[in-house]
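In: turn this into a structure:
(2 chains)
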Amino acid sequence: MKMFENILLPISSEFYPRNAMERSVFLAEKFGSRIKIIYIIEEKTLEKADKITDVYRTHYEKEETEVEIEHEYLSAADRIIFDDAKEFFEKRGIDFQRKVVKGQFSDAIREEMEREHYDLVLMGFEKGCLLHYRIIDNSYAPIWIESAEKGREIILAVCSNLAPNLKVPEMGEKLSKSLGWELHMIYIVDMQDNVAVDEQGQRSGRKSESELIDAGKEFIREMGNKGIDVKMVKGSIEKETIRAAREVGAGLVIVGREQKRTGIMGIYAKTVRKRLVEKCNYSILLTN
Amino acid sequence: MEKKKDEENSFSRWNALSILVAFSVLAVFLVSPSPSGISHEGWLMIGILLMAIILWITTPIPIAVTGFLIMVMQPVVGAAKAEEVFHSFGNQAVFFLIGVFIIAGAVEKHGLHRRIALKFLGRFEKSPRAFTFGIMLASAFLSFIMPAHGVAALLLPIVVSILIAMKAIPRQSNFGKVSMLAIAYGCSIGSLGTPIGGARNALAIGILANEGIRISFLEWMKYSMPVVVMAIPAVWLILQVAFPIEVRDVSDARREIEKQVGEMGSMKRDEWVVSAVLAITAILWIFFSSPEYLGLGVVALLGSALLFFTGSISWEDVEKRVPWGIILLYGGAITLGVGMNSTGAGSWIAGAMLNAAGNNIYLVILSLILFTVLLTNVMSNVGAVATLLPIALGVASEFSEISPLLAAMIVALSGGFAFLLVISTPANAITYSSGYFSTRDLLKAGGVVNVVCMAIIFAVAVIYWRGALGI
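Out: Residues are numbered from 1 along each chain as shown, chains lettered A, B, ... in the order given. Predicted coordinates for the structure are as follows:
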């Protein structure tokens, strides 16, 4: 079975990541993938505009404007986004489908993924958006977030004491072979949350630094047996990942399902994944 | 779905918490003794003011409901009698607003504003930069004759269709960013120009009238226009520097405008009638809206009546297009202003502020501008002006070098400088929905635009209003 046979490319009316479309062409050519573009007319933006203009405009006027905005969204989808898609895919003989839905970004993606099976969700990310990107934390398929920054042909696979470390090495190896990119792997011992996560994703009790380092060394030995060199670093997952990605100029950073829990009194607003996506300037592949 | 439900629940919890905090603050004022120098009624008015600020910023309920809560809470806590509260609601500026919305409704119904906008844009299609300047001028000019949020809603689809025809990619095209921000900022700046552009202008006129200071339409323009004339090119320049335009050719824009003009056909009977009524009303506003003649409200209602006589508008249209909520918001805001003044609460806060800021007139003017700009960016600008105008009038009563008119104009015009956030003003929210700029772009451009506009209003206040006009 091909690695990324079916790729979902969701594009919100709030933000068109053209580089994600370019990346999908690259992947489709490498893996012979089928692409489905869903253009999501973002309800959240319309609702926000509705709420803010609440007292100033009547229901009738707001509806009138909403219809006009939706019409412009459809026009933008047709004349800019799907036009680009034709240009990118048809010329190269890549199989692609298109669809327009109205809803919230993450919900629309989830609903589409319930209807059809996808091997990869490929999308862009922008911080200056009203979108919540909830899908980042609960998607069955890996999510590739394409960044504007073009790195070198290097994959950085990130393992740590806070993740099961099964899929990241596997995905790293496979992609490295398929794309012909160099594989770099790091193992981060994160003492901000000094527990170990097992292969089932269960967190252990608190562990000492030396215990976590020993576990890391064991992982490095296992990888060494497979011919993969792993560098061990100490520090927070977020900072060390970003630093390592910058050092090697990673074209892709692969991150697993990190179970890190930090924050004030255990209350944390964002997951490691979201923080990484927000702060890392390189493309990220989130595996599950 | 479950996650979404959780978010909705947490949103409701947030709403409940906001309401609880707002009323708790008021309760603290109700049970605590008033400090020296202020009456208990004045102390309660400050409690109501804080309650309103919390509700206007966090918006757990529609801002119009906060407007009438202000009216309701005054008799409930004993800050004012019910008759006094509702008496100030009968200000003629309320009827001015109603008239303005009816006239604007007729303009919208017959698409006259669309025709004006396209004519305007057609004159600026020589280069991409000139085109964005045209968008800004069209937004500002239309905001002189109708409420700014209506102008933003009109121009959004027109400009987006032009951008699409030019294949300007949302979020990536600087031409798209500048065009959309030109609408948002053009509307905000234009709305300062006449009493029509923003309800906060009418609010300032209404509160000043209660102080015995009456301003006509022309007088308002005399005070406000220098700010508009200076701010438009300055803001346009900032946008050009912040987002250098990548487009060289505007022939697609020209074709799209020609297409849209062609689709509109020639001027229809109703458009001529509405234009004529608009012109008559404008003339009456300019020459006969001073207190010794008709006043702003009477002229606005006369214009509205003319529209009914000519059959250009029906009551159904009024129901469709007059946002009655804003009248409630306005009513609440004006009673807040009047209550703050009559109980001495405004003067008391102003006194405390002056103690902190010292007696330097420039520092006081700058503080008024700064407070208003900060507040108007995080809450409804009518709310911001309603909050700060009584304090500004208090400053004027405590500080002889600043007249009530000067203080009111500073707050009313600074109240239009809501450039920073999507939530700052309806024009920002409407244009944001185009997808052409991000919240970061808004923050980046809006920060500089806010500083420059603050400098402009400071200069106008010191040199023109105070120096040349002696107000």
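In: from the centroid of chain B, which residue is nearest?
Out: B:Gly198 (3.7 Å; CA atoms, centre = their mean).
In: surely it meets B:Ala384?
Out: No. With contact defined as CB atoms under 8 Å, B:Gly198 does not count as touching B:Ala384 (11.1 Å). No exception for glycine: its C-beta is placed from N, CA and C like everyone else's.
In: now do the shared contacts for these two.
Out: B:Gly415 (CB atoms under 8 Å, 6 or more residues apart in numbering or on different chains).
In: and the gap between the residue nearest to the centre of chain B and B:Trp220?
Out: Separation of B:Gly198 from B:Trp220 (CB to CB, to the nearest Å): 12 Å.
In: check B:Glu256 too.
Out: 36 Å.
In: A:Gln192 now?
Out: 59 Å.
In: neighbour count winner among those two?
Out: B:Trp220 (24 against 13; other CB atoms under 10 Å in any protein chain shown).
In: and that one, what element?
Out: helix B:217-242 (DSSP states H and E).
In: with just CA atoms, put the next helix-or-strand element following that helix into CSV.
Out: Note on helix B:217-242: by DSSP H and E, the next helix or strand toward the C-terminus is helix B:251-264. The C-alpha coordinates for helix B:251-264 follow below in CSV (Å, rounded to 0.1, in the frame of the first residue of the first chain):
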residue,chain,number,x,y,z
SER,B,251,-6.4,46.8,-16.2
ASP,B,252,-8.4,43.9,-14.8
ALA,B,253,-9.7,46.2,-12.0
ARG,B,254,-10.7,48.7,-14.7
ARG,B,255,-12.6,46.0,-16.6
GLU,B,256,-14.3,44.8,-13.5
ILE,B,257,-15.4,48.3,-12.5
GLU,B,258,-16.7,48.9,-16.0
LYS,B,259,-18.6,45.6,-15.9
GLN,B,260,-20.2,46.4,-12.6
VAL,B,261,-21.1,49.9,-13.8
GLY,B,262,-22.6,48.4,-16.9
GLU,B,263,-24.6,46.0,-14.8
MET,B,264,-26.1,48.9,-12.9
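In: buried residues, helix B:251-264. List them.
Out: Across helix B:251-264, burial judged by 16 or more other CB atoms under 10 Å in any protein chain shown covers B:Asp252, B:Ala253, B:Arg254, B:Glu256, B:Ile257, B:Gln260.
In: the first one and B:Ala168 touch, don't they?
Out: No. Counting by CB under 8 Å, B:Asp252 sits too far from B:Ala168 to count as a contact (9.4 Å).
In: in contact with the nearest residue to B:Ile402 once chain neighbours are set aside: list those residues for me.
Out: Nearest non-adjacent residue to B:Ile402, counting by CB to CB, 6 or more residues apart in numbering or on different chains: B:Ala396, 5.0 Å away. Counting by CB under 8 Å, 6+ apart, B:Ala396 makes contact with B:Ile402, B:Ser403, B:Pro404, B:Leu406, B:Ala407.
In: in what helix or strand does A:Cys159 lie?
Out: Per DSSP H and E: strand A:154-160 holds A:Cys159.
In: can you show me the CA trace of that strand as CSV?
Out: The C-alpha trace of strand A:154-160 is given here as CSV (Å, rounded to 0.1, in the frame of the first residue of the first chain):
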residue,chain,number,x,y,z
ILE,A,154,16.5,16.9,5.9
ILE,A,155,14.0,15.2,8.1
LEU,A,156,14.2,15.8,11.8
ALA,A,157,12.5,13.1,13.8
VAL,A,158,11.8,14.1,17.4
CYS,A,159,11.5,11.5,20.2
SER,A,160,11.4,12.1,23.9
